[in-house]
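> test case, fold it:
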Amino acid sequence: LQPGAGSSPITLPSPPARAAGSPPALGGGARPRPRGRGAPVAGARPTGREAGGPAVWLLAALWLMLLTDIQYFLSFRGIPLVTSLMVPMLPALAVVLPISVMSRPERREHWTWFPPFVAFLAIVAIMVPFTIDRPRAVASLQTLALFWLLIVGTVSHVTSVRRAELLLLAFGLQFAWWGFWGFRGGLVAWSPVLANYDGYGAYMVIGGGFCSFLIVAIGRNQMKLVRRVLVAAVALCAIGMVASMARGAFLAGLAVAGVVWLRSERKIRALGVALVCGFVVIVAEIVLFGGAYWQEMSTILQGTNEATGEDRWEMWKAAFGVFLQRPVFGVGTSNWSIFAAEFYQPGQLGGPYGDNPRMLWGVSAHNKFVSTLAETGITGITAFLWLFWDFWRRNVELRTQRSSLRWRAMGGQLEVNALALAIEAALIGWIVAASLYSMGGTHWLYTILAINMTMHVIVTSRGAARAEAEASGMGRGPLVGSRRRPRAGIGRTNGR
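Numbers count the residues shown, from 1 in each chain. Below you'll find the predicted structure:
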C-alpha cells in the first residue's frame with residue numbers, strides 16, 4: 001500500500017506549451033498552490049512521499065495476510081504462533097484508525113461508514129445474545145467487524161490513484177501465488193480455506209475473471225513483466241479449476257467466461273482468448289485425470305437425484321424451515337445448523353438427515369444466501385443484498401467517461417473502465433460460487449467490495465473534480481459532467 005522510496009513517480013504525457021500568463025499545466029512547470037487554507041485537496045496527484053503511519057502499516061499487513069495467508073505459510077514452514085498475528089488486528093485497528101483518520105484532511109474526506117455493512121453488522125450483533133451456540137456467533141461477529149474495519153480503513157487511507165493501483169495489482173498477483181501452490185493437487189494444504197477442493201476451485205475462477213481484465217487495464221506498452229505474470233496467473237487459474245475437480249467451480253467458470261466475453265467489445269478476439277483457455281483446460285484435464293474430469297462434470301445434469309445434489313437440497317430445505325421459525329432476525333450467524341439439529345424431529349427431513357436430524361449440527365448449508373436468510377432473517381438478507389446494490393451503483397459510475405478522465409488526470413497508469421470490469425467479473429464469480437458453497441469466514445466478498453469502493457471514492461472526491469477541470473481546460477478530455485462510457489474489453493485499452 002505504501003510504495004518504497006525508490007519507486008518511480010507516475011506521470012502524464014507532457015501537455016503543449018502554455019501561453020504567457022496562463023496557469024501552469026498539470027504535471028509540468030510550477031505546481032499551483034492549493035486553494036484556501038490547509039493541505040492539498042484529497043485525491044490530487046501526489047507531490048512526494050505519501051502519508052504513512054501505524055494505520056497504513058496495519059492495513060498493509062492485514063491485506064498481506066488475507067491475500068497470501070503468509071502467517072499460515074510461515075507456520076507450515078516451522079515458525080510457531082505466526083497464525084495468532086490475526087487476533088490483535090481487530091482491537092489494534094479499532095484504536096488506530098479513528099486517530100489516523102482525524103489526523104489528516106484527505107482521510108476525513110474519504111471516510112465512509114458504509115451504511116449497508118453497518119446495517120448488516122448491527123443485525124448480526126442484535127441476535128448474538130439469543131443464539132444457541134453463542135461462541136460461534138461472537139466469532140462470526142468479530143470476523144465481520146474486522147472486515148468492516150478493513151473496508152473503511154482502506155477507503156480512507158488509499159486516497160491516491162497510485163496506492164489504489166498498487167492494491168489492484170497486489171490483488172491480481174495473489175492468484176499467481178495461489179496458482180503456483182495448488183495447480184497440481186487442486187488445493188493448498190497449508191491454507192485453512194484453500195485446503196478444500198471446492199474452495200480452491202472457486203477462488204481460481206474468481207482470479208481468472210479478475211486477471212483477464214486486469215491485463216487489459218495494463219495495456220501492452222507498460223509493466224510488461226507484471227503483464228506476463230498475470231497471463232501466467234490466468235493459465236494457472238484455469239488449470240487450478242480443473243485440478244480441483246469441483247463442479248461448482250466449473251459452473252462458476254462458465255459464468256465468468258460468459259461475462260468476460262459479453263463485456264468485451266472485440267468479441268472475436270475475446271472468443272479467441274476463450275478458446276486458448278479452453279485448450280489449456282483440455283490439456284490439464286488429460287494430463288491430470290485422463291478423461292475423468294468430464295465424467296464428473298456430467299453428473300451436474302443429475303441435479304438433486306445425485307448424492308451431493310440431494311444432500312444440498314435437503315440442507316437448503318432445512319435452512320428455509322429454520323428461517324420460517326424466526327423470519328425477522330433469524331437464529332444468529334453460524335447457528336442455523338445448530339438450531340436445525342435441535343428443532344427437527346426424526347422423519348421430518350429427507351436424505352441422510354431423515355433418521356437423525358442431529359447430523360445437521362455444525363454442517364454448512366453450501367449456499368451463502370440461504371444460510372444468511374436463516375441466520376439473519378428478512379432484515380439481514382435485505383441488508384446483505386444492499387451490499388450488492390451499493391457495489392453495482394459504484395461500479396457503473398467507475399465505467400463512465402468522467403471517471404476515466406479523472407483517473408488519468410490524477411496520474412493513473414491503468415485503464416479504470418477495465419479495472420471496474422475486473423472487479424465485476426470477480427464478484428460474479430463469487431456470487432455463483434456462493435450459491436453452491438459456503439463462504440463464511442472468507443475475505444473474498446469483502447476485499448472485492450473494498451477495492452470497488454476505494455476506486456469510486458477516489459474518482460468522486462474533490463481532488464478528482466479539480467484534476468478533471470484542469471485536464472479539460474488543457475483540452476485533454478471531455479468537458480466536466482460527461483458520463484459517456486468508454487469502450488473497453490479484451491483486446492482494447494481505450495486508446496492508450
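> now do the end-to-end distance for stretch 82-92.
17 Å (Cα to Cα, to the nearest Å).
> which other residues reach that stretch?
Here stretch 82-92 makes contact (Cβ atoms under 8 Å, 6 or more residues apart in numbering) with 58, 61-62, 65, 71-72, 74-75, 142, 145-146, 149. (Each C-beta comes from the backbone N, C-alpha and C, glycine too.)
> can you rerun that using 6 Å?
58, 62, 71-72, 74-75, 146 (Cβ atoms under 6 Å, 6 or more residues apart in numbering).
> what of stretch 57-75?
1, 82-83, 85, 89, 92-93, 150, 153, 157, 174, 177, 190-191, 443.
> one more time with 7 Å
1-2, 82-83, 85-86, 89, 92-93, 96, 150, 153-154, 157, 170-171, 174, 177, 190-192, 443, 447 (Cβ atoms under 7 Å, 6 or more residues apart in numbering).
> filter those down to the buried ones and express that as a PyMOL selection.
What follows is the PyMOL syntax selecting those of the contacts of stretch 57-75 that are buried according to 16 or more other Cβ atoms under 10 Å:
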select buried, resi 1+2+82+83+86+89+92+93+96+150+153+154+157+170+171+174+177+191+443+447
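> tell me how far residue 386 lies from residue 367.
Distance from residue 386 to residue 367, counting by Cβ to Cβ, to the nearest Å: 19 Å.
> compare these two and say which one has the larger neighbour count.
Legend: neighbour count by other Cβ atoms under 10 Å for residue 386 and residue 367, higher for residue 367 (20 against 15).
> surely the more buried one and residue 433 touch.
No. Contact criterion Cβ atoms under 7 Å: residue 367 and residue 433 do not qualify, at 10.4 Å.
> beyond the longest helix seen in the chain, next helix or strand please.
Assignment by DSSP state H gives helix 368-398 as the longest helix of the chain. As assigned by DSSP states H and E, the chain's next helix or strand after helix 368-398 is helix 401-409.
> show me what the helix or strand just after that next one is packed up against.
Later in the chain than helix 401-409, the nearest helix or strand by DSSP H and E is helix 416-434. Contacts defined by 3 or more Cβ pairs under 7 Å, 6 or more residues apart in numbering; DSSP states H and E place helix 416-434 against helix 197-218, helix 247-263, helix 368-398, helix 401-409, helix 444-459.
> tell me the average confidence for the second one?
Averaging the model's pLDDT scores along helix 247-263 yields 89.
> if you count contacts, what does it end up packed against?
Counting by 3+ Cβ pairs under 7 Å, 6+ apart, helix 247-263 packs on helix 197-218, helix 224-244, helix 267-288, helix 292-297, helix 416-434.
> would you turn those helices into CSV with distance to residue 465, mean neighbour count and mean pLDDT?
Compiled in CSV, the helices and strands packed on helix 247-263 are given as follows (distance: least, Cβ to Cβ, whole Å; neighbours: other Cβ atoms under 10 Å; pLDDT from 0 to 100):
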stretch, distance to residue 465, mean neighbour count, mean pLDDT
helix 197-218, 23, 28, 93
helix 224-244, 30, 22, 92
helix 267-288, 34, 15, 80
helix 292-297, 50, 14, 81
helix 416-434, 15, 25, 95
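> of all those, which one is nearest residue 255?
Among the helices and strands packed on helix 247-263, the nearest to residue 255 by Cβ to Cβ is helix 416-434 (4.6 Å).
> alpha carbons only: can I get that closest one in PDB?
Coordinates of each C-alpha in helix 416-434 appear next as PDB, following Å, rounded to 0.1, in the frame of the first residue of the first chain:
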ATOM      1  CA  VAL A 416     -10.200   2.400 -15.000                       C
ATOM      2  CA  ASN A 417     -13.000   1.000 -17.100                       C
ATOM      3  CA  ALA A 418     -11.200  -2.300 -17.500                       C
ATOM      4  CA  LEU A 419     -10.400  -2.300 -13.700                       C
ATOM      5  CA  ALA A 420     -14.100  -1.900 -13.000                       C
ATOM      6  CA  LEU A 421     -14.900  -4.800 -15.200                       C
ATOM      7  CA  ALA A 422     -12.200  -6.900 -13.500                       C
ATOM      8  CA  ILE A 423     -13.900  -6.200 -10.100                       C
ATOM      9  CA  GLU A 424     -17.300  -7.000 -11.500                       C
ATOM     10  CA  ALA A 425     -16.100 -10.300 -13.000                       C
ATOM     11  CA  ALA A 426     -14.600 -11.300  -9.700                       C
ATOM     12  CA  LEU A 427     -17.900 -10.500  -7.900                       C
ATOM     13  CA  ILE A 428     -20.000 -12.500 -10.400                       C
ATOM     14  CA  GLY A 429     -17.600 -15.500  -9.900                       C
ATOM     15  CA  TRP A 430     -18.200 -15.100  -6.100                       C
ATOM     16  CA  ILE A 431     -22.000 -14.900  -6.400                       C
ATOM     17  CA  VAL A 432     -22.100 -18.200  -8.500                       C
ATOM     18  CA  ALA A 433     -19.700 -20.000  -6.200                       C
ATOM     19  CA  ALA A 434     -21.500 -18.700  -3.100                       C
END
